[in-house]
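In: predicted model and sequence below, questions to follow.
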Amino acid sequence: NDGEFVFIFIDSAMPVYTGKVKWKLIIEHLRYHFWKQFVLPLKAWYKKCDIVFCVDYFVPYLHLNFKTVEVFHDAFFFEYPEHYNKLWLQLFHKMAMPAARRCSVIMTTTSYAKGRIAELTGIDRNKLAVIPLAPKTISEKKTLTSMPTHLQSIIHKKYVLHVGVMEKRKNLPALIKAFALLLKRTEDDLYLVLVGQGNGKLFSDDAVQVQQAIEDSGLGHRVICTGYLPDAEVDMVYQHASLYVFPSVNEGFGIPVLEAFKANIPVLVANNTSLPEVGGDAVLTFDPYDLEDICSKMQLVLSNPGIAEMLVTKGKERLLNFSWEKAATALKNEFRNIVQQR
């Protein structure tokens, strides 16, 4: 609200179906695309918008006296086509990509993601703008005034933490196996806490494999799977963790890295994709395919308070580079350039 821009939020008048009945989901997907390609541009034209900004992969192909801007968070549609429903994938290639090529600017969140998107889509790198994200902001109204019963048994333990959906690329079975190695080398009463659940998608959900890895490692009493938790409870689990470990083999950004910095806990990340870029010198890296490397890096930090404290200090400093205020300023600069070019 700086007087230069007026933001108009346009939404669907109909509630979105989020259930699991397949035919209803198909109808919802089709309705979504009809709304995005026909209803949204008409509403934007009626409201005399200069720019239509969509934070997902789909923007209107139809331009009614406005420009379009969208966000490509990553290149997963191209890197993991086997993880997507064939209908959804076809809609992406036949509808999303032609519309994306008509955008004035496509936002992405890291230089790594920008490079992969340009490489795999052929979109001009000059059309791709990098605007980093920031950690979630927990509203004061949502902070916990008392400890929920189901968290009391967790936060008083010493635990390694991972937060995120249980997808195949998250590489959680490897983390569980590396944690099993760690338990054989330490006398600490240590636990592994996994916050999150499967994504419910046929080809990319890894929840079954995660449970299998827990059973195969005999760690049913040492690995705590919380399932989905609301933001305020996730924030609480972060605050009491001894170490955050991010073993993913592919990330477009990795917001949990920043959330762990914010919670003042040391962070280990896989040495691939965007994670070293986001973590900078405030994280230790490991080979996500090498269980011994994951285990030894966890043991190094947990057994050396000086190293853990150094990582926490560097994490605080690194976090200063990421804020929603900086993201908003960068976004407005892109909008301003588009309007001036018009």
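Out: Arrived safely, thanks for sending.

In: residues of the longest helix along the chain that come out buried?
Out: Longest helix of the chain, by residue count under DSSP state H: helix 324-341. Within helix 324-341, the residues scored as buried using 16 or more other Cβ atoms under 10 Å are 327, 331, 334-335, 338. For the C-beta atoms, the positions are set from N, CA and C on the backbone; glycine is no exception.

In: in TSV: those, plus distance to Phe72.
Out: Shown next, in TSV, are the buried residues of helix 324-341 (distance: Cβ to Cβ, whole Å):
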residue	distance to Phe72
Ala327	15
Leu331	14
Glu334	14
Phe335	17
Ile338	17
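
In: looking at those, which one is closest to Leu62?
Out: Proximity of the buried residues of helix 324-341 to Leu62, judged by Cβ to Cβ, is greatest for Ile338, which lies at 17.5 Å.

In: quick check: the closest one touching Thr68?
Out: No. At 9.6 Å, Ile338 does not count as touching Thr68 under the criterion of Cβ atoms under 8 Å.

In: and for the two, which residues touch both?
Out: The contact sets of Ile338 and Thr68 overlap at 51, 104 (Cβ atoms under 8 Å, 6 or more residues apart in numbering).

In: contacts for the longest helix of the chain?
Out: The contact list for helix 324-341, computed with Cβ under 8 Å, 6+ apart, reads 4-5, 50-51, 53, 67, 69, 104-105, 107, 129, 131-134, 137.

In: host element of Lys314?
Out: In the assignment (DSSP states H and E), Lys314 maps to helix 305-319.

In: repeat for Asn264
Out: Following DSSP H and E, there is no helix or strand that holds Asn264.

In: just give the closest residue to it, not the sequence neighbours.
Out: With Cβ to Cβ, 6 or more residues apart in numbering as the criterion, Asn264 has its nearest non-adjacent residue at 5.2 Å, and that residue is Val312.

In: equivalent analysis for Asp74, please.
Out: Gly252 is the one closest to Asp74 (Cβ to Cβ, 6+ apart), at 2.9 Å.

In: and that neighbour, how far from Ser303?
Out: Using Cβ to Cβ, to the nearest Å, we find Gly252 at a distance of 33 Å from Ser303.

In: so which of those two has more stuff around it?
Out: Shown here are Gly252 and Ser303; by other Cβ atoms under 10 Å, Gly252 has more neighbours (21 against 12).

In: okay if I get the buried residues of helix 324-341 as CSV plus pLDDT and distance to Ala13?
Out: Formatted as CSV, the buried residues of helix 324-341 follow (pLDDT from 0 to 100; distance: Cβ to Cβ, whole Å):
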residue, pLDDT, distance to Ala13
Ala327, 95, 29
Leu331, 95, 27
Glu334, 96, 29
Phe335, 96, 26
Ile338, 95, 28
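
In: what's the farthest-apart pair in those?
Out: For these, the farthest-apart pair by Cβ to Cβ is Ala327 and Ile338; their separation is 16.9 Å.

In: where does the protein have low pLDDT?
Out: Low-confidence segments of the chain (pLDDT under 70): 1, 138-147.

In: in this structure the residue nearest to Asn264 contacts Ile265, no?
Out: Yes. Val312 lies in contact with Ile265 (Cβ under 8 Å); the separation is 6.7 Å.

In: give me the more crowded residue out of those two.
Out: Shown here are Val312 and Ile265; by other Cβ under 10 Å, Ile265 has more neighbours (22 against 17).

In: would Met107 count as being in a strand?
Out: Yes. Read with DSSP: H, G, I helix; E, B strand; the rest coil, Met107 is one of the residues of a strand.

In: quick one: it from Thr186, how far?
Out: Taking Cβ to Cβ as the measure, Met107 falls 43 Å from Thr186.

In: now swap in Thr110 and tell me
Out: Taking Cβ to Cβ as the measure, Thr110 falls 34 Å from Thr186.
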